[in-house]
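> can't give you the sequence, but here's the structure:
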């Protein structure tokens, strides 16, 4: 009020000295006017207080990129299954291809595969080894039959020798009885000869009788010697027969062992030939499959990008990337990376808003319903392990209840996301940020996220 007093005092002194038609004084000094500054100030304060009580949607801001929902829809490196050299290109970078289209034709660079008739030669080797296996299989059957024949011959010969042995033993028994009888006759003849000699000396008998008895003794002695010789010969035949049995067993055992050795050798040859034929069959199959790798085909529909090799006759190593195929008609998703501090606030089915690079948008993070140019999404996966950048990866997909994402999206497009949390007053959000408290959050009651179950703040 002091400011109004001074002008009025000056006005009274000066006004009386000025002409009545001068209006400048009224323009310079404000007299008897109302001021609206205080009202404007009160209005601003009122609006600010009203603003503090407006609802504010808490959110978590995160940067990420557009990717695909399924890993099979992401860019795929097309590699060479075999080492080779480029003979012909069928596409160029930027071309759209379908699954099964030929990308490039390769040629061989290894010496062992340069023969154009290598498959035919391998088939011939397979046939030769199969014939060899059949030959030795037949030889095995022949050897087994030979072994059976040898065993039969051995049994027959041993049976014959054993029968002969029995006959010799019986003859020995007979000769032994005859030898015993001859021995008795010899002893009787000797005794009679001795008595006849005594009687001859006493002239009790004639010399003729004595000579007759001597002749009988000589006959008995000769018969005994004959019987003894026959007996000894039979004993010798018995020993020889037993030796023949042992020799027969040894002979046929050696023949059978040799035949069994031949059979084992043939079995080994059969196994080796079949193994060789099997290896060659595998080699033939590998060669046939390898010939299919000369033409590198597109695994799925997409666009050819990032050709690592160019020109003709360039060498490609096994497993080396040739081109990259970017699939088309894929289901888009967004991967974002959040701080560990914010990770407990995210749950499966939680809503979010996106702003994609290249698509204009006016964003009010606290009032997502008033934002223009943003798109809706929801969380479908939260990784449990921290990423290399120290953050956690979260995957979000298009919200079917919101408007569709723009069709011009490309993989790798940047995305700024706002994960929507609980609605709170503006003053509470300011107070929380000043104190560094985490936001409050909710859990979707079901998979669709239709209802929200609020939870208390972490602090």
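In hand now; what should we look at? Quick caveat, the model's predicted, so the values are computed rather than measured.
> local confidence estimate at residue 319?
pLDDT for residue 319: 86.
> and what of residue 207?
Looking at residue 207, its pLDDT reads 78.
> over to the one 4 residues further on?
Turning to residue 211, the model gives it a pLDDT of 82.
> measure residue 88 to residue 104 for me?
7 Å (C-beta to C-beta, to the nearest Å). The way it works is simple: take the backbone N, C-alpha and C, and place the C-beta from them, glycine included.
> hang on, residue 53 packs against residue 427?
Yes. Taking contacts as C-beta atoms under 8 Å, residue 53 lies within contact range of residue 427: 6.8 Å.
> and stretch 353-372, average pLDDT?
On average, stretch 353-372 scores 64.
> swap that for stretch 265-284, sorry
89.
> ok, now which ones touch residue 411?
Neighbouring residues of residue 411 by C-beta atoms under 8 Å, 6 or more residues apart in numbering: 65-68, 74-75, 326, 330, 332.
> next up, the contacts around the nearest residue to residue 317 once chain neighbours are set aside.
Leaving aside its chain neighbours, residue 317 sits nearest to residue 83 (5.4 Å; criterion: C-beta to C-beta, 6 or more residues apart in numbering). By C-beta under 8 Å, 6+ apart, the residues touching residue 83 are 109-110, 315-318.
> relative to residue 262, which of those is nearest.
Nearest to residue 262, judged by C-beta to C-beta, of those is residue 110 at 41.9 Å.
> and the pLDDT at residue 26?
Confidence at residue 26, expressed as pLDDT, is 57.
> circling back: angles on the backbone of the residue nearest to residue 317, please.
The phi/psi pair for residue 83 (degrees, to the nearest 10) reads phi -70, psi 140.
> distance of it from residue 285?
As judged by C-beta to C-beta, residue 83 and residue 285 stand 19 Å apart.
> who touches stretch 306-319?
For stretch 306-319, contacts defined as C-beta under 8 Å, 6+ apart pick out 79-89, 92-93, 106, 109, 320-324.
> which SS class is the residue of the chain most remote from its centre?
Taking C-alpha atoms, centre = their mean, the residue of the chain most remote from its mean C-alpha position is residue 203, at 125.6 Å. Assigned with DSSP: H, G, I helix; E, B strand; the rest coil, residue 203 falls in the coil class.
> how far away is it from residue 196?
Look at residue 203 and residue 196: by C-beta to C-beta, they are 12 Å apart.
> what's the answer for residue 308, then?
Between residue 308 and residue 196 the computed distance is 135 Å (C-beta to C-beta).
> kindly report the same for residue 129.
96 Å.
> what of residue 257?
From residue 257 to residue 196 the distance is 68 Å (C-beta to C-beta).
> ok, the two, which is more surrounded?
Each of residue 257 and residue 196 has its neighbours counted (other C-beta atoms under 10 Å); residue 196 has more, 21 against 12.
> got a list of what that one touches?
Residue 196 neighbours (C-beta under 8 Å, 6+ apart): 205, 209-210, 213-214.
> cutoff 6 Å now
Counting by C-beta atoms under 6 Å, 6 or more residues apart in numbering, residue 196 makes contact with 210, 213.
> so for it, what's the pLDDT?
pLDDT at residue 196 comes out at 79.
> same thing with residue 296?
Looking at residue 296, its pLDDT reads 90.
> and for residue 218?
85.
> what's the first helix or strand after the helix or strand where it lies?
Using DSSP states H and E, residue 218 falls within helix 207-292. Next helix or strand after helix 207-292 toward the C-terminus (DSSP H and E): strand 295-297.
> list the buried residues for the next helix or strand along the chain from that next one?
Remark: after strand 295-297, the chain's next helix or strand is strand 302-305, criterion DSSP H and E. Neighbour-count burial for strand 302-305 flags 302-304 (criterion: 16 or more other C-beta atoms under 10 Å).
> domain ranges for this protein?
Structurally, the chain divides into domains by automatic domain parsing as follows: 57-69+331-454, 76-104+295-326, 118-292.
> of those domains, which is nearest residue 43?
domain 57-69+331-454 (18.2 Å).
> before we move on, back to that, looking at residue 88 and residue 104, which one has more neighbours?
Neighbour count, other C-beta under 10 Å: between residue 88 and residue 104, residue 104 has more, with 22 against 11.
> low-confidence stretches in the stretch 351-459 of the chain?
Scanning the stretch 351-459 of the chain for pLDDT under 70 picks out 360-373, 419-426, 428-429, 432-433, 435-459.
> tell me where it has strands.
351-356, 375-382, 392-398, 414-425, 442-444, 452-454 (DSSP state E, counting those that start in this stretch).
> other SSEs contacting the second one?
What that stands for is strand 375-382. strand 351-356, strand 392-398 (3 or more C-beta pairs under 6 Å, 6 or more residues apart in numbering; DSSP states H and E).
> picking up where we left off before, the helix holding residue 218 - contacts with which helices or strands?
Using 3+ C-beta pairs under 6 Å, 6+ apart, helix 207-292 sits against helix 118-201.
> what's the angle between the helix it packs on and helix 207-292?
170 degrees (axes from the mean of the first three to the mean of the last three C-alpha atoms, to 10 degrees).
> so what's the closest residue to residue 374 other than its chain neighbours bridging to?
Leaving aside its sequence neighbours, residue 374 sits nearest to residue 353 (C-beta to C-beta, 6+ apart; 4.6 Å). Counting by DSSP bridges, residue 353 forms beta bridges with residue 376, residue 418.
> wait, doesn't residue 353 sit right on residue 378?
No. In this structure, residue 353 is not within contact of residue 378 by C-beta atoms under 6 Å, at 10.6 Å.
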